[in-house]
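Chemist: got a sequence here, can you model it:
(one chain, ligands or ions: 2)
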Amino acid sequence: ENAEAAVDAAQAEIERLDALLSTGDADSEIAKLNVDGSGELSEDAGYLTERALELYQETDGAFDIAIYPVMEAWGFPTQNFQVPSQETLDQLLPLTDAGNISCDKETRKISFGVEGMKIDLGGIAKGYTGQKLAELFQEYGVSSALVSLGGNIQAIGTKPDGSSWKVGIRDPKGGQQDYIGVLFVENQAVVTSGGYERYFEEDGETYIHIINPRTGYPADGDLLSVTIVSRDGTLADGMSTALYIMGYEKACQFWRQHREEFNVILVTDDGKIHISENLKENFQTE
Ligand code: ADP
Ligand code: MG
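Modeler: Numbering: from 1, shown residues only. Ligands and ions are numbered 1, 2, ... in the order given. Here you go, the predicted model:
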């Protein structure tokens, strides 16, 4: 009944969060924080920063929102791509350690421990936005909805006929329309990170926009894509980025320790698809 009003509200909510969180928008809270080195954040930005710092701890530094100075050196934010010199990376890497960010949960006051640090919530913002939209739709009494935010899917309820939503999982080696299979979900976020979405090429090399914080170079492990399935959209988004960086062995190990929180589909560079146990019944591959 309220579907149209709900969609208008959803669009406004996406724009509100984008204006708050985008590093590319000089007026955003995050952009201002990056200039000032400290500041008090709104509820949304504060919550997200806090979650990001938890993910940093849990993933042993693989998920690191302080990576932004290195993202800039590669030209990802402006799309003026370039391969930075090792000297440049060596200078920037000391700035990219989220362990040097302090965050007061009560006041949401953030401060950077090292001069020149900058953060980027791009690795979790879409997952959080999907989660917020799920809440919004519930408030409007919408029982069936599917939110798609570029690689981030949030399923609300079931399809109107009561059957599960079907989410196609892209073949990381194929074209736009090639899928490795279909996942059946209800009330879950499905988030995929892969090297095939945003990258640039130079001298025959491909450079992707997911950076390994240990090296300052794009992640180049043995994974082609990581899909995370979880009720928690923010977690799913953060984990998809982090597990991609970890590579297959570490990602499997990590999942075993967190199997209650999320499920996973990994595609490795030998063309194999690996699915966590609990998903098998919900995944159909060709
Ligand atoms: P997409 O934005 O394509 O859905 P991801 O969720 O994997 O992909 O997020 C990639 C984004 O995360 C990058 O554009 C950058 O803003 C940010 N990022 C890159 N490397 C890291 C990292 N090691 N930790 C946290 N965020 C990162
Ligand atoms: Mg992510």
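
Chemist: can you list the residues of the chain near ligand 1?
Modeler: 63-65, 67, 71, 120, 122-123, 126, 150-151, 193, 197-198, 209-211, 213, 237, 240-241, 245 (C-beta under 6 Å from any ligand atom). Where you see a C-beta, it was placed from the backbone N, CA and C, and this is true even at glycine.

Chemist: go with 8 Å
Modeler: Contact residues, the chain versus ligand 1 (C-beta under 8 Å from any ligand atom): 23, 52, 62-65, 67-68, 71, 76, 120-124, 126-127, 150-152, 191-194, 197-198, 209-213, 219, 237-238, 240-242, 244-245.

Chemist: now stretch 169-188: buried residues?
Modeler: I169, R170, D171, P172, I180, G181, L183, F184, V185, Q188 (16 or more other C-beta atoms under 10 Å).

Chemist: wait, the fourth one sits on Y196?
Modeler: To tie it back to what came earlier, the one meant is P172. Yes - assessed by C-beta atoms under 8 Å, P172 is found in contact with Y196 at 5.1 Å.

Chemist: ok, back up a step: put together CSV for the buried residues of stretch 169-188, with pLDDT, distance to G99 and secondary structure on each row.
Modeler: As requested, those are arranged in CSV below (pLDDT from 0 to 100; distance: C-beta to C-beta, whole Å; DSSP: H, G, I helix; E, B strand; the rest coil):
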residue, pLDDT, distance to G99, secondary structure
I169, 95, 34, strand
R170, 93, 34, strand
D171, 93, 37, coil
P172, 93, 31, coil
I180, 94, 36, strand
G181, 95, 38, strand
L183, 97, 35, strand
F184, 98, 39, strand
V185, 98, 35, strand
Q188, 97, 31, coil
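
Chemist: look up the closest residue to the residue of the chain found nearest ligand 1, ignoring the ones flanking it.
Modeler: Here the chain gets closest to ligand 1 at one residue, G122, 2.6 Å apart by C-beta to the nearest ligand atom. For G122, ignoring the flanking residues on the chain, the nearest one in space by C-beta to C-beta, 6 or more residues apart in numbering is T23 at 7.2 Å.

Chemist: could you do L183 as well?
Modeler: Nearest non-adjacent residue to L183 (C-beta to C-beta, 6+ apart): V167, at 4.7 Å.

Chemist: how far away is the one you found from Q154?
Modeler: For V167, the distance to Q154 equals 10 Å [C-beta to C-beta, to the nearest Å].

Chemist: give me the common contacts of the two.
Modeler: V190 (C-beta atoms under 8 Å, 6 or more residues apart in numbering).

Chemist: about what we covered before: of the buried residues of stretch 169-188, which is the nearest to P94?
Modeler: P172 (33.0 Å; C-beta to C-beta).

Chemist: now do the contacts for that closest one.
Modeler: By C-beta under 8 Å, 6+ apart, P172 lies in contact with I180, G194, G195, Y196, L224, S225, V267.

Chemist: which pair in those residues spans the largest distance?
Modeler: Across these (C-beta to C-beta), the longest gap, 15.0 Å, separates I180 and G195.

Chemist: verify the contact between Y140 and N2 for me.
Modeler: Yes - counting by C-beta under 8 Å, N2 is a contact partner of Y140 at 4.4 Å.
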